[in-house]
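Student: How does the following fold in three dimensions:
(one chain, ligands or ions: 1)
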Amino acid sequence: MEVNPRLTSPKEVRALLEKLGHRPNKGLGQNFLIDANILDIIANTAEIQPDESVLEIGPGLGALTERIIPKAASVTCIEKDPTMVAYLKSRFSGFSLIESDALDVDLDALFAGGISKVAANLPYSVASRLMVDIAECEHRPVLMALTIQKEVADRLVSPPGNKRYGVLSILTGVFYKNTRVKKISPTCFLPPPKVWSAVVRMECRAVSLLGSAEYPVFKNLVKSCFSQRRKQIGTILKKLGVVPVDALLTEAGIEHTERPEQIEIERWVALARLL
Ligand code: SAM
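Tutor: So this is what the prediction gives:
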């Protein structure tokens, strides 16, 4: 019987890729995790219970998949690369595989169908977009354990009063409490990426800071203001044609002279509710 290659052995992963005739695709962010400790940290951060259904985006060769299948009641994976899809099908059973670009999948329908957790080493080019898309889902998952670029992780978890605080921290922060779990060196991947990475934990708030009906105005406000983040909020709102700026700002507890990055999520919510 042929033994499956160990996905935490650089030598065996290299040989497997060669056997598949596959060169890691940079455009698809194919940096495969080969560090068992980091893979265990992601799988454990998701706190998967035996009755839970889990989504993995970008399973690649399956290094994380093989850790979550035994923990969960069901695992659904979305993978864009046909070579990875064929290999995953040949190696694993007892999971569902959607061959698609994750951006084209109706994620909310998957969550509505009972998937409550996400564990993934996300493709970095679409990571921010996916985190916001998932946070915006009506049936958003209760917990996500994700590997993303460290610089994006810093923005995700940043508090106000910091240049990293912005649209990503705020739009996800309305629905999730975000924390950084572990920094990851490029040497934990094959091939190593140019940047450091990080595991993050996104825990859904018991009560969102904003209702879904109010969210579109809020999102529009935050995005418009952060596109001019160096200006004072009073000046930005006047330029956007908001009236009466001073009265609205006072009611929301915001000083005319504050910059967008000084305003906590709760005060953005208060301001959006007044508009
Ligand atoms: N989970 C594997 C691991 O940790 O070794 C692979 C992670 S690799 C960073 C990202 C994976 O996402 C690759 O397998 C890539 O083919 C896949 N991918 C890239 N863009 C995608 C997209 N838009 N939708 C679905 N999968 C995508």
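
Student: Enumerate every residue touching Pro59.
Tutor: Pro59 is in contact with Thr65, Cys77, Glu79, Met84, Leu88, Leu97, counting by CB atoms under 8 Å, 6 or more residues apart in numbering. Using the backbone N, CA and C atoms, a C-beta is placed for each residue, glycine as well.

Student: Wait, a helix at Thr179?
Tutor: No: counting by DSSP: H, G, I helix; E, B strand; the rest coil, Thr179 is not found in a helix; it is strand.

Student: Could you give the number of residues near the residue lying closest to Trp268 once chain neighbours are set aside?
Tutor: Closest residue in space to Trp268, ignoring its immediate chain neighbours: Val222 at 5.8 Å, by CB to CB, 6 or more residues apart in numbering. Each residue near Val222 was counted by other CB atoms under 10 Å, and the total is 23.

Student: List of residues touching the helix or strand containing Val222?
Tutor: In this structure, Val222 sits in helix 215-226 according to DSSP states H and E. Under the contact criterion CB under 8 Å, 6+ apart, helix 215-226 has outside partners 136, 166-167, 170-171, 174, 210, 233, 236-237, 240, 260-261, 268-269, 271-272, 275.

Student: And the pLDDT at Leu110?
Tutor: Listed pLDDT for Leu110 reads 98.

Student: With the ligand in mind, check whether the helix or strand harbouring Cys77 reaches it.
Tutor: Element membership of Cys77, judged by DSSP H and E, is strand 74-79. Yes: counting by CB under 6 Å from any ligand atom, the ligand is contacted by strand 74-79 at Ile78, Glu79.

Student: Kindly report the same for stretch 138-145.
Tutor: No: with CB under 6 Å from any ligand atom as the criterion, the ligand is not reached by stretch 138-145; the gap is at least 12.0 Å.

Student: For the ligand, give me its nearest residue in the stretch 151-275 of the chain.
Tutor: At 7.5 Å from the ligand, Phe189 is the closest residue in the stretch 151-275 of the chain, using CB to the nearest ligand atom.

Student: Grab the nearest non-local neighbour of that residue.
Tutor: Counting by CB to CB, 6+ apart, Phe189 lies nearest to Asn31, which is 4.1 Å off, once chain neighbours are set aside.

Student: Any buried residues in the helix or strand following the helix holding Val222, and which?
Tutor: Scanning forward in sequence from helix 215-226 by DSSP H and E, the next helix or strand is helix 233-239. Buried positions in helix 233-239, judged by neighbour count with 16 or more other CB atoms under 10 Å: Ile233, Gly234, Ile236, Leu237.

Student: Which residues does the helix or strand that helix 233-239 is followed by contact?
Tutor: Note on helix 233-239: by DSSP H and E, the next helix or strand toward the C-terminus is helix 245-252. With contacts defined as CB under 8 Å, 6+ apart, helix 245-252 is touched by Ile233, Gly234, Leu237, Lys238, Val242, Glu255, His256, Arg267, Ala270, Leu271, Leu274, Leu275.

Student: so Leu146 touches Val126, yeah?
Tutor: No: using CB atoms under 8 Å, Leu146 is not in contact with Val126, being 12.0 Å away.

Student: so which strand or helix has Met84?
Tutor: Going by DSSP H and E, Met84 is part of helix 82-91.

Student: Could you list the paired strands of the helix or strand just after that helix along with their orientation?
Tutor: Note on helix 82-91: by DSSP H and E, the next helix or strand toward the C-terminus is strand 96-99. Under the criterion DSSP bridges, strand 96-99 sits next to strand 74-79 (parallel) in its sheet.

Student: Tell me how many other residues crowd Arg259.
Tutor: Under the neighbour criterion other CB under 10 Å, Arg259 is assigned a count of 19.

Student: repeat for Pro191
Tutor: Residue neighbour count, defined by other CB under 10 Å, stands at 15 for Pro191.

Student: Next, the contact list for it, please.
Tutor: Pro24, Asn31.

Student: Any figure for the gap between it and Ala102?
Tutor: From Pro191 over to Ala102 the distance is 22 Å, taken as CB to CB, to the nearest Å.
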